[in-house]
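Participant: can you look at this prediction? I've put the sequence above it.
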Amino acid sequence: MTDSGPTLYQRFAESAARHHDAPALRVAGHELRYAELLDRVERLATRLVTAHGRPPRTVGLCASRSLAAYVGYLATLRLAATVVPLGPAVPARRNRLVCASAGVDVLIVDDEGRAGGAELAADGRTVVELLETAGHAWYDEPGARWTGSYAGRPDDIAYTLFTSGSTGTPKGVPIRHRNLGTYLSQAVERYQVGPGSRLSQTFELTFDPSVFDMFVAWLSGATLVVAGPGDTLSPVRYVNDHQITHWFSVPSVISLARRLRMLRPGCLPSLRWSLFAGEQLTLTQARTWADAAPASTLENLYGPTELTVTCTGYRLPGTRDGWPRTSNGTVPIGRPYPHLDGVLLDADGTAGDDGELCIRGEQRFDGYLDPAQNAGRFARPDGTATTGVVAAPEPADWYRTGDRCRWEDGELVHLGRIDDQVKIHGYRIELGEVESVLRQHPAVHEVVVLALPGDAGEVELTALYTSDGLDEATLAELVTQRLPAFMAPASYHHVEHFPVNGNGKIDRRRLAADHGLT
């Protein structure tokens, strides 16, 4: 049954009324109860309307995991406006492009986003500075609570996030309140979240798992505990200091903590649930985390922004003898949620056990802000690809994720991108297949295979890996035993760690540049 009635703000306000004395938010030295958080939201809503002269339509949030960021997010929803998170560290040119594409008319900036806000204001937008500099704290300023009627509807756009586009132009992904209805309700129930639960927030607001953290916490009366600078580098201290019960991050956090020798068995006793998404979770990573958090149930989640945070999930069995063995050494991504439909389509649009994962249902977005970017991203109900510009895909159309998966023992296993294929000497090679073979060596922690131009201009494969004392010759021998010669990397490089981007994913471009491989 679709739960698309109340909007995000209506559900938050109802929860705040039920749990008014419970702690709602802990961030940067502040801890607010639900009643206090609601009060600041209502007062900021008044300030936004006063500054702009009328309720805004779309609010850009140039703030980074600060009190201003979270109150600003909710105040925007209180005014039935759309939230557009902006990264303060992102180049101003890209933020200006995002603001123009999304129609941002009001900009909220915190101390970290203040410098970029001045340039964004040049386009005529109203800028509201929420600063905490010495002697000036925005949240202590007097102000009246907003008393205007709430005009939000389930079909309104709650937030718009921008993903990287293959052409270099960011792709705006609008998510409506109705896309989140059943998803959030089932997450609260699935993960047994309620008063007393303490949820991590390791994601920036520009990365949509942050929506899970915020609203699964706030719709259930739980506490959102925001990770500060450096906390994701020291997850054990962060979890134990704040008695986190529900953890959610990218898998790279495990590898980094393991490299720094932080994840000792039993060192995360407070965790009850551990969720990972954003990139492939290897079985080696999962074992390391499960040893560190023995009382925690571990799930691997998957989902692109276009499908509203996550759309599949796989729960690892409680006993190791029940854990899966997959073809590429990664934890399965499971199955589509019960309220969604999924299918694997090959290049001809035929359904099978191996192909591009396509999803439809209430979490599927209605198309990009720029309709031209919809081209090639949807398939008709019979599997045939849509052609040309699709201004408004039909509800029954599939969203083509661009991810190749395979059914293995009744569960989906993520194999990589369908475009993660290169041709060398006439042979087509899946980079993910080479990575999966290298990952089978027990001493390998992480591995990335890059296709790069060689000295003569031809494409060559380069393997980079992290491990404890594994020499490159051993890996080369492993490949020789298991792959044909044309799939063997031309070179192997042991690295201390893999750089990650702002969302915690492995930054492949920077990895190549850091090691002189571009």
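Facilitator: Looks like it arrived, so ask away.

Participant: what's across from the closest residue to R114 other than its chain neighbours in the sheet?
Facilitator: In this structure, R114 finds its nearest non-sequential neighbour in E129, 6.2 Å apart by C-beta to C-beta, 6 or more residues apart in numbering. From N, CA and C alone the C-beta is placed, and that goes for glycine too. As for beta bridges, E129 partners with V109 under DSSP bridges.

Participant: who are the neighbours in contact with E129?
Facilitator: Applying C-beta atoms under 8 Å, 6 or more residues apart in numbering to E129 gives the contacts V109, R114, G117, W138.

Participant: what about the helices in the stretch 351-500 of the chain?
Facilitator: Listed in chain order, the helices of the stretch 351-500 of the chain (DSSP state H, counting those that start in this stretch) span 431-439, 472-482.

Participant: for D507, which of those is the nearest?
Facilitator: helix 431-439 (16.0 Å; C-beta to C-beta).

Participant: what does the closest one contact?
Facilitator: By C-beta under 8 Å, 6+ apart, helix 431-439 touches 282, 284, 327-330, 404, 415-417, 420-422, 444, 447-451, 461, 463, 465, 475, 478-479, 482-483, 487, 489.

Participant: could you check how far T160 is from R264?
Facilitator: Relative to R264, T160 is positioned 42 Å away (C-beta to C-beta, to the nearest Å).

Participant: ok, these two, which is more surrounded?
Facilitator: T160 (24 against 10; other C-beta atoms under 10 Å).

Participant: for that one, which non-adjacent residue is spatially closest?
Facilitator: Nearest one to T160, counting by C-beta to C-beta, 6+ apart, is P174 at 4.7 Å.

Participant: pretty sure the one you found contacts L369?
Facilitator: Yes. When contacts are counted by C-beta atoms under 8 Å, P174 is listed as touching L369 (6.1 Å).

Participant: shared neighbours of the two, which are they?
Facilitator: Common neighbours of P174 and L369, using C-beta under 8 Å, 6+ apart, are T160.

Participant: the more surrounded of the two?
Facilitator: Set P174 next to L369 and count neighbours by other C-beta under 10 Å: P174 wins out with 20 against 17.

Participant: and E433, how many neighbours?
Facilitator: E433 is flanked by 17 other residues according to other C-beta under 10 Å.

Participant: per-residue pLDDT of it, please?
Facilitator: On the pLDDT scale, E433 is placed at 79.

Participant: got a list of contacts for the strand or helix carrying E14?
Facilitator: Using DSSP states H and E, E14 maps to helix 8-18. By C-beta under 8 Å, 6+ apart, the list of residues contacting helix 8-18 from outside reads 6, 24, 34-35, 37-38, 74, 77-78, 80, 150, 152, 158, 177, 180, 184, 215, 218-221.

Participant: which among the helices of the stretch 351-500 of the chain is found nearest to P91?
Facilitator: Per C-beta to C-beta, nearest to P91 of the helices of the stretch 351-500 of the chain: helix 431-439, 28.4 Å.

Participant: one step back: compare the helices of the stretch 351-500 of the chain and give me the one nearest L271.
Facilitator: helix 431-439 (25.4 Å).

Participant: how much does the closest one deviate in direction from helix 472-482?
Facilitator: With axes from the mean of the first three to the mean of the last three C-alpha atoms, to 10 degrees applied, the angle from helix 431-439 to helix 472-482 works out at 120 degrees.

Participant: report the buried residues of the helix or strand hosting Y183.
Facilitator: Using DSSP H and E, Y183 maps to helix 177-190. Going by neighbour count (16 or more other C-beta atoms under 10 Å), the buried part of helix 177-190 is H177, R178, N179, L180, G181, T182, Y183, L184, S185, A187, V188.

Participant: one more: stretch 114-121?
Facilitator: Under the neighbour-count criterion of 16+ other C-beta under 10 Å, stretch 114-121 has R114, G116, G117, L120 buried.

Participant: ok, now stretch 33-40?
Facilitator: Applying 16+ other C-beta under 10 Å to stretch 33-40 flags R33, Y34, E36, L37, L38, D39, R40 as buried.

Participant: contacting residues around it?
Facilitator: For stretch 33-40, the external contacting residues (C-beta under 8 Å, 6+ apart) are 13, 15-16, 19-25, 32, 70-71, 74, 139, 145, 218, 221.

Participant: hmm, which of those residues are the buried ones?
Facilitator: 13, 15-16, 19, 22-25, 32, 70-71, 74, 139, 218, 221.

Participant: just the CA trace of the helix ranked longest in the chain, in PDB.
Facilitator: Criterion DSSP state H: the longest helix present in the chain is helix 34-52. Provided in PDB are the C-alpha atoms of helix 34-52 (Å, rounded to 0.1, in the frame of the first residue of the first chain):
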ATOM      1  CA  TYR A  34      12.300  18.000  19.200                       C
ATOM      2  CA  ALA A  35      10.400  21.000  20.700                       C
ATOM      3  CA  GLU A  36      13.600  23.200  20.500                       C
ATOM      4  CA  LEU A  37      14.300  22.100  17.000                       C
ATOM      5  CA  LEU A  38      10.800  22.800  15.900                       C
ATOM      6  CA  ASP A  39      11.000  26.300  17.500                       C
ATOM      7  CA  ARG A  40      14.200  27.200  15.600                       C
ATOM      8  CA  VAL A  41      12.700  25.900  12.400                       C
ATOM      9  CA  GLU A  42       9.600  28.100  12.700                       C
ATOM     10  CA  ARG A  43      11.700  31.100  13.600                       C
ATOM     11  CA  LEU A  44      14.000  30.600  10.700                       C
ATOM     12  CA  ALA A  45      11.000  30.200   8.300                       C
ATOM     13  CA  THR A  46       9.900  33.700   9.400                       C
ATOM     14  CA  ARG A  47      13.400  35.100   8.700                       C
ATOM     15  CA  LEU A  48      13.500  33.600   5.200                       C
ATOM     16  CA  VAL A  49      10.100  35.100   4.300                       C
ATOM     17  CA  THR A  50      11.100  38.500   5.700                       C
ATOM     18  CA  ALA A  51      14.400  38.500   3.900                       C
ATOM     19  CA  HIS A  52      12.900  37.500   0.600                       C
END
